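S.K.: Okay, sequence plus prediction incoming.
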Amino acid sequence: MPESWLASVPGVREHEPLEPHSWYGIGGRARYFLELADDATLPALAARLNTDRQPYLVIGAATNTLFAAPELPGLTVKLVTRRLSIAEETVSVSAGYLMPKLAAETAKAGQAGLEFGAGVPGTVGGSVFGNAGAFGGEVKDRLRSVDAIDERGQRRTVSAAECRFGYRDSVFKAEHDRWVILSATFATNREPPAQVRARMLEVQKHRRATQPIEQRSLGSTFKNPPGDSAGRLIDAAGLKGMRIGGAQISPKHANFIVNLDGASADDVLALMAEMRNRVFERFGIELEPEVRVIGRTPSG
Ligand SMILES: Cc1cc2nc3c(=O)[nH]c(=O)nc-3n(C[C@H](O)[C@H](O)[C@H](O)COP(=O)(O)OP(=O)(O)OC[C@H]3O[C@@H](n4cnc5c(N)ncnc54)[C@H](O)[C@@H]3O)c2cc1C
């Protein structure tokens, strides 16, 4: 096969192992891989990828993504853009910025409203995509607008209403999964830094108490069904602590699958199927994955 033009994009690496880029420590490879600290070239790149009908995937910290293919086709772009600008009552931040750092920096500046970010280990881009939320706060509560590029490589400013946020859902996830989120602007309000920081520390404390954060996971595996909690259902189905290969349903939080020891994507998918099947058999409820499985469709 002739070499793709992707091989000559500056900075592109070929057959990149994804494990080091995966929070889970699980991954096959990416045929072409590009890590970008500067997104200036992205509009032209996105336009060409779409004209050429190349598959591509944009990731942040991969704290919600299971790489389940031996090799992802096309281009995988990892965004590590780290711009932050704090104004009087708004904060603009690039997609590659980490949510816990956003929470810490805004607390330091006495800007309240983003403390929940301390409980979400991923990036701003991934968090807008999935309307991440923790301990009472969600992206949608504070988001004003998003700058993104569409499949033609055009820059768009998307208002909060146009983002159509729902529970772990947004227009980007539901309709525009070939768009790239470049940055987000959030509304904040001024408060003494010590007060904001105290709330942020509460989020961290609660997280440490309830989640197995010392182990590798992707956070909540399934969304909570209406009026119930996926963790409670999985626990009640007797699955806490179940192990397949190197993966285990956390004894601390039944909706977390941890990578105990060299887990493979197959191990995690087998546990996910078991969780869905057993909860359905016992309660007649179909659990819907919250994690993004790339390269395979979860069964069960
Ligand atoms: C220990 C632990 C605890 C967690 N707790 C929570 C929690 O309390 N609440 C919660 O909501 N989540 C939680 N998560 C899940 C995860 O941190 C969030 O979903 C986070 O927002 C994902 O960000 P990311 O950068 O890691 O996204 P990734 O996993 O890299 O990507 C997720 C999805 O977003 C897309 N995406 C990423 N960046 C962009 C971009 N710039 N443009 C377009 N699409 C993009 C990807 O294609 C992918 O489909 C937890 C995870 C872990 C490991």
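M.R.: Cool, the structure landed. Residues are numbered from 1 along each chain as shown.
S.K.: Near residue 293, how many other residues are there?
M.R.: Residue 293 has 18 neighbours, counted by other CB atoms under 10 Å. All C-beta spots, glycine's among them, are computed from the backbone N, C-alpha and C.
S.K.: oh sorry, the question was meant for residue 232
M.R.: 12.
S.K.: Does it belong to a helix, a strand or coil?
M.R.: At residue 232 the chain is in helix, as set by DSSP: H, G, I helix; E, B strand; the rest coil.
S.K.: quick one: pLDDT of it?
M.R.: Here the pLDDT value assigned to residue 232 is 97.
S.K.: How about the one 4 residues further on?
M.R.: Per-residue confidence for residue 236 comes out at a pLDDT of 98.
S.K.: got the contact list for residue 96?
M.R.: Contact analysis of residue 96 by CB atoms under 8 Å, 6 or more residues apart in numbering lists 36-37, 39, 60, 79-82, 123-125.
S.K.: and if you look at residue 266?
M.R.: Shown in contact with residue 266 (CB under 8 Å, 6+ apart): residue 245.
S.K.: Which helix or which strand is home to residue 66?
M.R.: Secondary structure assignment for residue 66, by DSSP states H and E: strand 65-67.
S.K.: Check whether residue 146 really touches residue 157, as I assumed.
M.R.: Yes. Residue 146 is in contact with residue 157 according to CB atoms under 8 Å; the separation is 7.4 Å.
S.K.: These two - which one has more neighbours?
M.R.: residue 146 (27 against 11).
S.K.: Quick check: nearest residue in space to that one, chain neighbours excluded?
M.R.: Leaving aside its chain neighbours, residue 146 sits nearest to residue 158 (4.5 Å; criterion: CB to CB, 6 or more residues apart in numbering).
S.K.: if I pick that neighbour, what's in contact with it?
M.R.: Counted by CB under 8 Å, 6+ apart, residue 158 has contacts 145-148, 171.
S.K.: Neighbour-wise, give me the winner out of those residues.
M.R.: Result: residue 146 is most packed of these (other CB under 10 Å), 27 neighbours.
S.K.: for the stretch 101-250 of the chain, which spans come out with low pLDDT?
M.R.: Across the stretch 101-250 of the chain, nothing is flagged by pLDDT under 70.
S.K.: Run through the helices of it in chain order.
M.R.: Ranges of helices within the stretch 101-250 of the chain are 124-129, 139-142, 171-174, 193-210, 230-236, based on DSSP state H, counting those that start in this stretch.
S.K.: Please identify the deepest-packed of these.
M.R.: Among the helices of the stretch 101-250 of the chain, helix 124-129 has the highest mean neighbour count (mean count of other CB atoms under 10 Å), at a mean of 28.
S.K.: what about that one and the ligand, any contact?
M.R.: Yes. Counting by CB under 6 Å from any ligand atom, the ligand has neighbours in helix 124-129: 125-127, 129.
S.K.: The ligand contacts on this protein?
M.R.: 23, 57-65, 79, 95, 119-123, 125-127, 129-130, 132-134, 172, 180-181, 211, 213, 217-219, 292.
S.K.: Among those residues, which lie within strands?
M.R.: Among those, DSSP state E puts 57-59, 65, 79, 133-134, 180-181, 292 in strands.
S.K.: Name the nearest of those residues relative to residue 192.
M.R.: If you rank those by distance to residue 192 using CB to CB, residue 134 comes first, at 22.6 Å.
S.K.: residue contacts, that closest one?
M.R.: 116-120, 203, 207.
S.K.: Name the member of those with the most neighbours.
M.R.: residue 117 (32 neighbours).
S.K.: That one contacts residue 97, doesn't it?
M.R.: No. Residue 117 is beyond contact range of residue 97, at 9.7 Å (criterion: CB under 8 Å).
S.K.: what's the burial count for the residue of the stretch 201-300 of the chain found nearest the ligand?
M.R.: Proximity of the stretch 201-300 of the chain to the ligand (CB to the nearest ligand atom) peaks at residue 219, 2.4 Å away. By the criterion of other CB under 10 Å, residue 219 has 21 neighbours.
S.K.: is it true that it touches residue 63?
M.R.: Yes. Residue 219 is within contact range of residue 63, at 6.6 Å (criterion: CB under 8 Å).
S.K.: Walk me through the domains of this structure.
M.R.: 5-79, 84-210, 230-294 (automatic domain parsing).
S.K.: If anything else comes up later, I'll come back, but that's it for now.
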